[in-house]
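[1] pasted the sequence and its predicted model underneath.
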Amino acid sequence: MMRLFMITYLLSIPFLMDAQTTALKGRASGDSIILRWAPTDLPTWEKGNAEGYVLLRHSYDDTDQLIMMEIIDTFRLQPEADWLAVKDQNEVLGMAHSLLFTFSNTLDDPMERYSIQENRYGFTLFAADISIQAAKMMGLAYVDHDVDVADHYTYAVYLPSDTLAAQQGLAQVYPDDQPELPSPQNLEVTFGNLAALLAWEKSNLDQFYSAYIIEKSVAGADFLPVSAMPFVPMESEDQRNVPELFQRKVFYRDSLAQNGVEVQYRVRGVSPFGLTGPLSATVSGRGRPDPIPATPIIIEAAETTAQNVQIDWEINAVYQDSIQGFHIYRMESLEGEPQKLNTDVLPPSARTFLDESPSPLAYYLIETVDQYGYSLRSTRAMVQLLDQQPPAVPDSLTAKIDDTGIVRLEWKANTEADLSGYFLYLGYSASGGNIPLNGGQEIKKTTFVDTVADYASSISEIYYRIQAVDFRGNRSVQSAAAKVVRPDHTPPERAVFKDWGFRTDSVFLLWAASPSTDVATQYIERKRDADTSTWQLVHTDSIVLSVDSVLDVGLDMAGKYYYRIRSQDKAGLESVSDSIYLQTGKRKRSPAITNFAITPVPAGNRISWRCPQTKREVYQFVIYRATEGEDMHMYERLKLGDDLLINTAGSLDFSYVDELLEPGVAYRYQMVVHFADGTYSPFTEIIED
């Protein structure tokens, strides 16, 4: 893909428009303006070689008034005779001459012939890009000396056969705008066996230079270019797959005639305008043979009786006379930076080293330094000192829970050198619970995220504790607990009126509280009118009993009253009971359920009853259930026509089979009827199976 690279580089000059057939750019230099242009595609290149390029100049004064518009000239590809006179001066001119005049393209396949022609187009532009002389001889460059520093100029270049102004390449140049060319920065060199690898920062050099001149001095001699042609960095068309280092730096590999001789390098850029930038800093060094394969092997690394650590190693004895010696390194962790333990290089004959200030746990490396300065390291060897002292108790454990039930835990890191990690535990009370989190695996960080949605919904408070562990498996005492309260998004179950009645000038109310365990307060409310009246507070029940009552006094006994129970939990969530109403002057309580009984059947417990004979329409039957030690709670709502409700048409006898039973568990039942007019029957007596 050489052709694609060169075309892409030249046309990266930011002046292209979609309709242009030529691209133009200018740069002021001294008392002149250098202009470079290029055809944007193969057909334009072929026409330009035949027709030439017209260069038009508009001159403006410092008030932007047009002074003059003139055609400077038509620039054409110079005849072959002119090229023959210069083609041997350098490889660039020779390559350009060959491509333009002597290259034969006689392939039969039209696609292959077109591809070859595109390569000619690309390589000639490449030659123009790195040689201003080649560009001028191709009719692709001009140096305008007739300029005034007080004016500025707009140039246009186009083919004589162009018919649209939009096809022109345009460039505006101010003679006094002459930015300095940058020097390549951070030049560095790495020497190997008869080779040197140079690298320098690419930075923004691409917008200034199309190539580089790399100069070399050997053994103090004069600097000379390393090649006849400037060096052009190659770039991939798709930079996404290029490593970051190669996107950031330019690399060049040079060969050396021999090792051990001082070599110096410096670099400067070459612009498409034929200008050469300033030199980089100079780097130097010597070639050296490949490393001697004297990699050390650690035989043993262990604690001694004096609580020191002794490391023993070996190398291939063949290479002992070819090395300078050894260095010993220690790492406090696998990710840690190796720290050198010896001040001076150990002699080539050394095979043991004593670390007199070892860490509780550390990793050791042996490094061989050969006679050429190369370093070869052994694999790591771990040593852990004997230890029965547990880590300190982790400190400052905090737990914060959000509305979604996500718990974020943090704690202060322990400072022990041999700390391995932490174990995290969960409990459901302040005094107990050791359920390991993270699958019982160590936690290496000082943060952890837990989700309380994974735990039973009946658990409202959760306690966390942390424990530190060292590499020997010694564990600290667990930390103090950090508590979170589970977010509550579920309103409490509704309270239910069990009975009600009139007194002389008051109403008696009996109710069963909400069975939800987190209910904090219940409010008994009434209103006079069903549609427009506002609910008024009658009684506040802040000590929630399973069954409670109140006497509402001072009523107007000629009216109709509605009552309800509003239950509020600790999270502020509320539920409202079904309302009842009472008409003063006569008792509005509905007739009671009769024949309420329980009969064991193979499928479960059959609950049977007789509905009161009344003109009121039944809205639903509500069955309450509890096991021993439980409060009654609403269990089933049955409406006429439900599949679970057993009834013979026209009969007042109903039954229902409770199939959800646990073996050996006794169940208690109670029932109430809700009528469509909002009234209730009294609660039945409690029956047991």
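    Happy to help now that I have it.
[2] could you list the low-confidence segments of the stretch 1-150 of the chain?
    1-20 (pLDDT under 70).
[3] which stretches of the stretch 401-550 of the chain form helices?
    Along the stretch 401-550 of the chain, no segments are classed as helices by DSSP state H, counting those that start in this stretch.
[4] meant to ask about the chain, not that
    Ranges of helices within the chain are 2-10, 42-51, 80-84, 91-97, 110-130, 132-137, 244-248, based on DSSP state H.
[5] center of this structure, which residue is that?
    residue 449 (17.5 Å; Cα atoms, centre = their mean).
[6] tell me who's in contact with that residue.
    Applying Cβ atoms under 8 Å, 6 or more residues apart in numbering to residue 449 gives the contacts 406, 407, 408, 409. For every residue, glycine as well, the C-beta is placed using N, CA and C.
[7] now the buried members of those residues.
    Applying 16 or more other Cβ atoms under 10 Å to the contacts of residue 449, the neighbour count classes 407, 409 as buried.
[8] now, the contacts of residue 449 that are in strands?
    406, 407, 408, 409 (DSSP state E).
[9] and the first one, what pLDDT?
    Residue 406 carries a pLDDT value of 89.
[10] again with the last one
    Reported pLDDT at residue 409 in the predicted model: 94.
[11] surely it and residue 451 touch.
    No - counting by Cβ atoms under 8 Å, residue 409 sits too far from residue 451 to count as a contact (11.8 Å).
[12] how is the protein carved up into domains?
    As assigned by automatic domain parsing, the chain contains the domains 2-173, 188-286, 297-384, 395-483, 496-583, 594-688.
[13] of those domains, which is nearest residue 182?
    Nearest to residue 182 among the domains of the chain is domain 188-286 (6.3 Å), distances taken as Cβ to Cβ.
[14] got the end-to-end distance for the closest one?
    Start-to-end span of domain 188-286 (Cα to Cα, to the nearest Å) is 13 Å.
[15] just how off-centre is that domain within its chain?
    37 Å (Cα atoms, centre = their mean, to the nearest Å).
[16] that domain - what's its average pLDDT?
    pLDDT averaged over domain 188-286 gives 91.
[17] next one: stretch 601-619
    Stretch 601-619 comes out at a mean pLDDT of 87.
[18] what about it, how long is it end to end?
    Using Cα to Cα, first and last residues of stretch 601-619 are 28 Å apart.
[19] and it, which residues are buried?
    Buried residues in stretch 601-619 (16+ other Cβ under 10 Å): 605, 606, 607, 609, 611, 612, 618, 619.
[20] again, but for stretch 666-679
    667, 668, 669, 670, 671, 672, 673, 674, 675, 679.
[21] which stretches of the stretch 301-450 of the chain form strands?
    309-314, 323-331, 339-340, 352-355, 361-370, 375-377, 381-384, 395-401, 406-412, 419-427, 435-436, 447-451 (DSSP state E, counting those that start in this stretch).
[22] now these as JSON lines including distance to residue 554?
    What follows is those, written out as JSON lines (distance: least, Cβ to Cβ, whole Å):
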{"stretch": "strand 309-314", "distance to residue 554": "91"}
{"stretch": "strand 323-331", "distance to residue 554": "85"}
{"stretch": "strand 339-340", "distance to residue 554": "88"}
{"stretch": "strand 352-355", "distance to residue 554": "92"}
{"stretch": "strand 361-370", "distance to residue 554": "81"}
{"stretch": "strand 375-377", "distance to residue 554": "95"}
{"stretch": "strand 381-384", "distance to residue 554": "83"}
{"stretch": "strand 395-401", "distance to residue 554": "47"}
{"stretch": "strand 406-412", "distance to residue 554": "51"}
{"stretch": "strand 419-427", "distance to residue 554": "52"}
{"stretch": "strand 435-436", "distance to residue 554": "56"}
{"stretch": "strand 447-451", "distance to residue 554": "53"}
